[in-house]
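Undergrad: Got a sequence here, can you model it:
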Amino acid sequence: MRTGNLPHAQYRRFDGMREFEMLLDEMIPRTQSVIRVFDKALSRDYNSPPRYELLRQFLLASRSSRLMIVVHEPELIERQCPRVIELARQFSSTVKIHQTLRPARHVYDPFVIFDASHYLHRFHHDHLRAAQGLDDVIGAQQLLDRFAEIWEASAPAIAADKTGL
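TA: Got it, this is the predicted structure:
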């Protein structure tokens, strides 16, 4: 636990993409308002029917629900994740997909922030080491600040009218 954090904050490290993807799917239904994703490219798991349905249910749960995605390689979303494109089409005002611009192309550690207190963080996009924070508002705030900087150094990447289903 980090000093000054909530008393029930949890932080743990783990290795493996399978666990990362499983934890991501577990966190989506627990999210109240915003999911922020930063990665080099989205994994193929974003195109799975279960993940699509989890994200769709999250977006349907509230008008304030938001899904914000920033990637270095958005063309892979168009080729490998047509369900994500469908979400962007169905929820065009609440799903935003951006591509990093030159100032943010050097960022190499993917992460997903759920609301403002839970997160998954891989330490490098080429490695399997990762961490999970639950009720870790200090760790989440650090990632929120980084996401805001990355978002600022990005531009819209995918038009909501494209489909590949």
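Undergrad: So for residue 103, what pLDDT did the model give?
TA: Turning to residue 103, the model gives it a pLDDT of 86.
Undergrad: List the contacts of it.
TA: residue 153 (C-beta atoms under 8 Å, 6 or more residues apart in numbering). Quick note: C-beta positions are derived from backbone N, CA and C, even for glycine.
Undergrad: for residue 147, same thing?
TA: 36, 38, 68, 70, 111, 113.
Undergrad: Then residue 102?
TA: For residue 102, the contact set (C-beta under 8 Å, 6+ apart) comprises residue 153.
Undergrad: how about the residue nearest in space to the middle of the chain, phi and psi?
TA: The centroid of the chain falls nearest to residue 37 when counting by C-alpha atoms, centre = their mean (2.0 Å). Note on residue 37: backbone dihedrals following degrees, to the nearest 10 are phi -120, psi 130.
Undergrad: can you pull up the bridge partners for it?
TA: Here residue 37 shows beta-bridge partners residue 69, residue 112, assigned using DSSP bridges.
Undergrad: Isn't it up against residue 70?
TA: Yes: using C-beta atoms under 8 Å, residue 37 is in contact with residue 70, at 7.1 Å.
Undergrad: what about the helices in the protein?
TA: Under the criterion DSSP state H, the chain carries helices at the ranges 17-27, 49-61, 75-80, 82-90, 137-152.
Undergrad: Dump those into a markdown table; add distance to residue 126 and mean pLDDT as well.
TA: Formatted as a markdown table, the helices of the chain follow (distance: least, C-beta to C-beta, whole Å; pLDDT from 0 to 100):
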| stretch | distance to residue 126 | mean pLDDT |
| --- | --- | --- |
| helix 17-27 | 11 | 96 |
| helix 49-61 | 22 | 98 |
| helix 75-80 | 15 | 92 |
| helix 82-90 | 22 | 96 |
| helix 137-152 | 18 | 96 |
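Undergrad: Out of those, which gets nearest to residue 104?
TA: Proximity of those to residue 104 was assessed by C-beta to C-beta; the nearest stretch is helix 137-152, lying at 4.9 Å.
Undergrad: any idea how far residue 91 is from the residue lying closest to residue 124 once chain neighbours are set aside?
TA: Closest residue to residue 124 in three dimensions, ignoring its sequence neighbours and counting by C-beta to C-beta, 6 or more residues apart in numbering: residue 108, at 5.4 Å. Applying C-beta to C-beta, to the nearest Å, the value for residue 108 to residue 91 is 29 Å.
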